[in-house]
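>>> What shape does this take:
(2 chains)
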Amino acid sequence: MQALTLFRKTSHQESGFYALFLTNRLQMLYYMIVMPSALVQPYMLLAIVAMGVASQLCLYMLSKWFATPCSAQGYQGYERLFGKTGIKVLALASLPLLLLKISFISISYAEIMHQFVFPSMDREWHIVFPFILSCYLALFGMENMVRFVTVVFIGTIWIFFMYIPYFLLQSNSIHDLYPLIPVGPEPFAWKSLLIVFSSFSGPEFLIAISYWLNPQRKMLKYLTIANAISIGEYLFISIASLLFFGSKYLPTIKYPNVEIGRYLQSPIFERVDIILISAYMFSFLYSIALFVLMIYGASRLLVKMRTSTTRIGLIVSGCAAMAVTLTISKWFWEPGLQQDFWLDLQMWTGSATYLLVPLLVWIAIKRKTRTTS
Amino acid sequence: MTEISLEALKQRLTLMEDAEIIDRETTDGLRLTFIYLGTLIDQERLNESILDPLVRSFQSSVEKSLTTAKISSLSNLAQAFQYLLKGSVLIHDSSSGRWNAIMLPNSLGRSIETSETETIMFGPKDSFSEQLEQNILLIRRRLPLTALKTERYSVGSLTQTTVVLMYIDGLINPEFVAVAKKKLSSIDFDMFLDSSHVAAFMEDHYHSIFPQYLQTDRPDSCAYALGIGKLVILVNNTPFALIAPITLFHLFQSPEDYINRWLVASFLRPLRYLSFLLSITIIPLYVALTTHHYQMLPLQILYVIIESRSKLPLSPFWEALIILITLEIIKEASLRMPTKTSQTLGVIGGIVIGQAAVEAGFASKVLIVLAGISAISTFLVPNYLVTKSSLLLQFIFLILASYLGVPGILLGLVAMFAHLNGLTSLNQPYLAPVSPFYWRDWVDLFVRGPLHAMRNRPEALRPLNKYRMNRRSK
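Purely as a prediction, here's the structure:
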């Protein structure tokens, strides 16, 4: 039997499509949970465009990393750029951030599952089952995981088209989308902007898996397309929510785009939203599996492990992530104040990592270029 | 090496009723001994082409007397038995002490018939038989190329089964051939009575329920596979060839796809994928909806289901499980029975038992309808092995649906795709061209594009010659 090598690389297929799909799916991860409640006024739609542009700047810096030969060299590449101590510091810093991200998306999704699909089942079970499957996914190794994003993209992108009917409603009026520029003195919605920017975050973690992405020069093109698709999706669903609920009623709803899914009907299913919410699981499971693999990789870097990767090691990493998630869910995730705390924390950390990680890499590349020349 | 001696041969041939040892003297005084197994050789040809010309010959040796026959000179006992057991006549010339062998295999076998497992309305009707040489001929007729290579291997310590590896040199990726050769050379087992046994030893993941080699008895399918850069493995005494590397999507392609108009084929192919998904999810979905998500059903459908289930003592899971197991019993029984009896069984099983189950209160009418749709859907998939795999998947999904409802089915689907993504056939990814992503190959994936659009061979196979058309004619 072949030895388990979770981080091996065998194929050399150069495809920016994986980067495209990964970027898009990681960016669309939060939207369903957090963002619509933050964009309740029509003029806030412009925030999506503005933050999309800001996101493009981060992706531009990220593409600089992909253009360097270091990105295709794996560990040696990071070592050349940051040095041995630098890598350890980065690995150490990434662990709590990854755990927070995993916990936040898992609990948020479990809460939606609990509220809309399975109220009779404890929320914690909605965390445990997906985690088990995520560990199974992760066991196939990083190379398979990166490839699998194509299936995830195809398996979830169709959900976006399900919202088309909301644009064709008789009751819709173009006036629901006005004013696009605030008429009076509005309070500065910096928090909304930050939430939107945080929603665009996620692609910064591609730095950790650039070795398997077979980076190429055209990477900026693929990242830009992904970002454009994400902006389109955000705008599309936000407009649908605005048209359906109106800007007065929208602030009262916690999960607007999940709620509007409840009004979708077909001749066979009256509650299509149950299928949609379940199908969204594809993205969440995939992201958790990807992050668990990253946690395992980062832990190995920290403890200088020289032996080959093992199933047990990965499962322990998965269990650790699940334990943190369950602890937060059970004791620290209560409706109201504490939930807002986690949302704020994720908003800050998401925005910070999305801004700082590409910036740090960009500066490191500049420094390296200067010293070598 | 043991030298050949008449005594040693006779000793080994004791209690072999079909073993014949005859002595003849030629007109020129040459004393010859013929040893053969009567059941393995063509006796008529032996008399007409070997015995008669030799006895009447005035030549001083067997080689000079039989100028048209292919004579092999034997040097040791093991070689002599090898020839003997493959249908040769051993000839011993007592004056010179030389041993020769002439192949005269009995050509007893089926004639070329129509494929029963992959029937098509239009297109070639011939199929493989159990005779290896005939099978090679059927492929060679379609691909008259010197580049079409055939390499022979012998597997099985007891059966000594001949396996032929076929590929088009200069077209196929040499990596596939190297992997197949390595796998074939390393096979160590005693009996190989079917090509599936060879496949079992060559598969990368033998625990998986998905076949990693495509079994077909159609020479045209094999020729097409060879032509796009795959390899074919023929196994003696079995009418099913193995094609590799394959992907999941190849299992949903029928030879008729390339005979039908492309638009018609493009409509039928997604229908097969859909029917496969239906066959594994429709009954679990019924269980999920009736157990956990009543609210998903429109009121009119809900009335029908409630009315249908109102007198049932069993929960939806047990109801579905009983019906599915009964259905499988009927399907398996009809396969094992003689053709005419199986038709009766189908009628009794399908209609009488189904009706009685509803009236007795064991199953709802809705479930019977869904079970029927599910059973028929499985037959749309051209590959029989996938049909059988879908059965197992259906039961797994059923358990998931009964405990976790619709999310359970989705969990199952994700796990299935993750498993498929991890599979390989001859070390090549099983979900290509979706994962890894080769967008150019999509022209023949979910739809069957027009042949004019299929200018390139599948990129996922990385053939040495990518183009199917003369590039100047583009």
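
>>> residues contacting residue 297?
In the absence of a named chain, this looks at chain A. Listed by CB atoms under 8 Å, 6 or more residues apart in numbering or on different chains, the contact set of residue A:297 reads A:7, A:142, A:208. Quick note: C-beta positions are derived from backbone N, CA and C, even for glycine.

>>> should've been chain B
Residue B:297 neighbours (CB under 8 Å, 6+ apart): A:269, A:270, B:289, B:305.

>>> re earlier: among the contacts of residue A:297, which one lies nearest to chain B?
residue A:142 (12.2 Å; CB to the nearest CB).

>>> Which parts of chain B are strands?
Secondary structure of chain B by DSSP state E: the strands cover B:19-25, B:31-37, B:71-73, B:88-93, B:98-103, B:148-155, B:161-168, B:214-216, B:231-235, B:241-244, B:424-425, B:428-429.

>>> Report the angle between the fifth one and strand B:31-37.
Read that as strand B:98-103. For strand B:98-103 against strand B:31-37, the angle by axes from the mean of the first three to the mean of the last three CA atoms, to 10 degrees is 40 degrees.

>>> Rebuild the strands of chain B as JSON lines, extending it with mean pLDDT.
Rendered in JSON lines, the data for the strands of chain B read as follows (pLDDT from 0 to 100):
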{"stretch": "strand B:19-25", "mean pLDDT": "89"}
{"stretch": "strand B:31-37", "mean pLDDT": "90"}
{"stretch": "strand B:71-73", "mean pLDDT": "89"}
{"stretch": "strand B:88-93", "mean pLDDT": "91"}
{"stretch": "strand B:98-103", "mean pLDDT": "90"}
{"stretch": "strand B:148-155", "mean pLDDT": "93"}
{"stretch": "strand B:161-168", "mean pLDDT": "94"}
{"stretch": "strand B:214-216", "mean pLDDT": "93"}
{"stretch": "strand B:231-235", "mean pLDDT": "96"}
{"stretch": "strand B:241-244", "mean pLDDT": "95"}
{"stretch": "strand B:424-425", "mean pLDDT": "93"}
{"stretch": "strand B:428-429", "mean pLDDT": "92"}
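
>>> the longest helix in the chain is where?
Reading this off chain A. Ranked by residue count under DSSP state H, the longest helix found in chain A is helix A:75-112.

>>> To clarify, I was referring to chain B.
Longest helix in chain B, counting by DSSP H: helix B:384-422.

>>> Which residues of chain A lie near chain B?
Counting by CB under 8 Å from any CB of the partner chain, the positions of chain A adjacent to chain B are A:11, A:13, A:15, A:17-18, A:113, A:117-118, A:129-130, A:133, A:136-137, A:140, A:144, A:147-151, A:154-155, A:265, A:267-271, A:274-275, A:277-279, A:281-282, A:285.

>>> how about JSON lines for the contacts of residue B:297, with distance to residue A:89 added?
Formatted as JSON lines, the contacts of residue B:297 follow (distance: CB to CB, whole Å):
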{"residue": "A:269", "distance to residue A:89": "51"}
{"residue": "A:270", "distance to residue A:89": "54"}
{"residue": "B:289", "distance to residue A:89": "52"}
{"residue": "B:305", "distance to residue A:89": "60"}
